[in-house]
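Colleague: Sequence and predicted structure, then a few things I'm wondering about:
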Amino acid sequence: MIHARITGTGSFLPERILTNQDLERMVDTSDSWIRERTGIEQRHIAETGQLTSDLAEPAARAALAAAGRRPDEVDLLIVATTTPDRVFPSTACLLQQKLGIHGSPAFDIQAVCTGFVYALSVAEKFIKTGAARCALVIGAETLSRIVNWNDRGTCVLFADGAGAVVLEPSEEAGILSTHIHADGAYESLLTTVKPPPDATPESLADGTAFIEMRGNEVFKMAVNTLGRIVDETLDAAGLSYADIDWLVPHQANIRIIQATARKLGMPMERVVVTVNRHGNTSAASVPLALDTAVRDGRIQRGDMLLLEAFGGGFTWGSALIRY
Ligand code: UT7
């Protein structure tokens, strides 16, 4: 049986760091509130003119280098993003040009914070059916462009970054299963809206849309839904909680991550946490966390990984991976 195996990971963060102390000077908030309620201490923010594809490119190159592959060997390119460079061409096509890849299929996936898990699920099918032999799958965001910097309920959460993986066929285990879901009935709880008439260029980076969230309701749905998808994923594989070596969760809020870890009976030492340093980078958050733990040596070949995410839509998903 052919599996899609992750042969390389990479990530990239813009240089500029925005700390909680910086935010204290921008809105009515405090470092202690942000740490206690979210676990976030700092986040990275793209420079003016630094677009999603600019963050995706170094992440992609790092993943290709780790896999020992050249860009011209890529025969499928998927970018998961909520913040594309333009309405069209897709960020995947713009990235394809930057990487010097010609002719491979390239397209974006929009599933907000679950985008990378969706993209992984699609790419896995291409590899398993033999339709692709070297897939580059990226989650990349410049969410700072759609944050309302006057809204303390959301501006302390979201941030920019990119993470990437290379998938190739393998007879050894790789991705064992992926599970993706959506329910548009909840579209209004986490959405983008047009700016109010009194919005200023300073409060809105691109002036077209900004994030609006009913945080507490999203929080409860996220905890319940992630608890359910963990069971669905393990049941499908006939595995138990004890078989998971590493939980690699979407990095939205440390309290949501802790609730999922509790449900799995996993000590926090087996959970990859980057939300403290990266904030919520939406589609980039899972591959960023994965690359962090691969590069620092925590995740080893043969480990069983559970990736999960929840986001606007609502969308949610998971992937079970023998790394
Ligand atoms: O990635 C996609 C999925 N997204 C998520 O999973 C996010 C889910 N939601 C959350 O992470 C949390 O709901 C938040 C971090 C957004 C908010 O935490 P909370 O514990 O749910 O707080 P809350 O919304 O119930 O607000 C509690 C209080 C309110 O004040 P009052 O009404 O009790 O006086 C808020 O106005 O905290 C206030 N508040 C703040 N205070 C200081 C809200 N944001 C801030 C802030 N600083 N930044």
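Modeller: That came through fine.
Colleague: show me where the stretch 51-200 of the chain has strands.
Modeller: For the stretch 51-200 of the chain, strands defined by DSSP state E, counting those that start in this stretch occupy the ranges 76-80, 106-109, 135-142, 160-170, 175-182, 190-193.
Colleague: Can you list the strands that the first one pairs with?
Modeller: Meaning strand 76-80. Strand 76-80 sits in its sheet next to strand 106-109 (parallel), strand 135-142 (parallel), going by DSSP bridges.
Colleague: what does the fourth one give?
Modeller: Strand 160-170 has the following sheet partners, assigned by DSSP bridges: strand 3-12 (antiparallel), strand 135-142 (antiparallel).
Colleague: tell me the most buried of the strands paired with strand 76-80?
Modeller: Stretch with highest mean neighbour count among those: strand 135-142 (a mean of 33; mean count of other CB atoms under 10 Å). (Each C-beta comes from the backbone N, C-alpha and C, glycine too.)
Colleague: Pull the number of nearby residues for the residue in the stretch 101-250 of the chain that the ligand sits nearest to.
Modeller: Residue of the stretch 101-250 of the chain nearest the ligand, by CB to the nearest ligand atom: Gly215 (2.9 Å). Neighbours of Gly215 under the rule other CB atoms under 10 Å: 15.
Colleague: Could you check the pLDDT of it?
Modeller: Gly215 carries a pLDDT score of 96 in this model.
Colleague: Next, work out how far apart the nearest residue to it once chain neighbours are set aside and Glu308 are.
Modeller: Nearest non-adjacent residue to Gly215, counting by CB to CB, 6 or more residues apart in numbering: Gly153, 5.6 Å away. As for Gly153, its distance to Glu308 is 24 Å (criterion: CB to CB, to the nearest Å).
Colleague: what about the two, which has more around it?
Modeller: Glu308 (24 against 15).
Colleague: The more buried one is in contact with Pro249, isn't it?
Modeller: Yes - judged on CB atoms under 8 Å, Glu308 makes contact with Pro249 at a distance of 5.4 Å.
Colleague: Now for those two: what residues contact both?
Modeller: Common neighbours of Glu308 and Pro249 are listed as 226, 260, 286 (criterion: CB atoms under 8 Å, 6 or more residues apart in numbering).
Colleague: From the residues you listed, list the ones also adjacent to the ligand.
Modeller: Here nothing survives when the shared contacts of Glu308 and Pro249 are matched to the ligand using CB under 6 Å from any ligand atom.
Colleague: List the residues that contact the residue in the stretch 1-150 of the chain positioned nearest to the ligand.
Modeller: Using CB to the nearest ligand atom, the single residue of the stretch 1-150 of the chain nearest to the ligand is Thr29, 3.3 Å away. Going by CB under 8 Å, 6+ apart, Thr29 touches 20, 23, 152, 156.
Colleague: Any residues of the protein in contact with the ligand? List them.
Modeller: For the chain, the contact set with the ligand under CB under 6 Å from any ligand atom comprises 29, 33-34, 37-38, 113, 152-153, 156, 215-216, 218-219, 222, 252-253, 256, 280, 310-311.
Colleague: What subset of the residues you listed is buried?
Modeller: By neighbour count, with 16 or more other CB atoms under 10 Å, those hold 29, 34, 37-38, 113, 152, 156, 218-219, 222, 252-253, 256, 280, 310-311 as buried.
Colleague: In helices only, show me those.
Modeller: Under the assignment DSSP state H, these contribute 34, 37-38, 152, 218-219, 222, 256 to helices.
Colleague: Tell me the one of these nearest Thr178?
Modeller: Distance to Thr178, by CB to CB, is smallest for Ala222 among those, at 18.8 Å.
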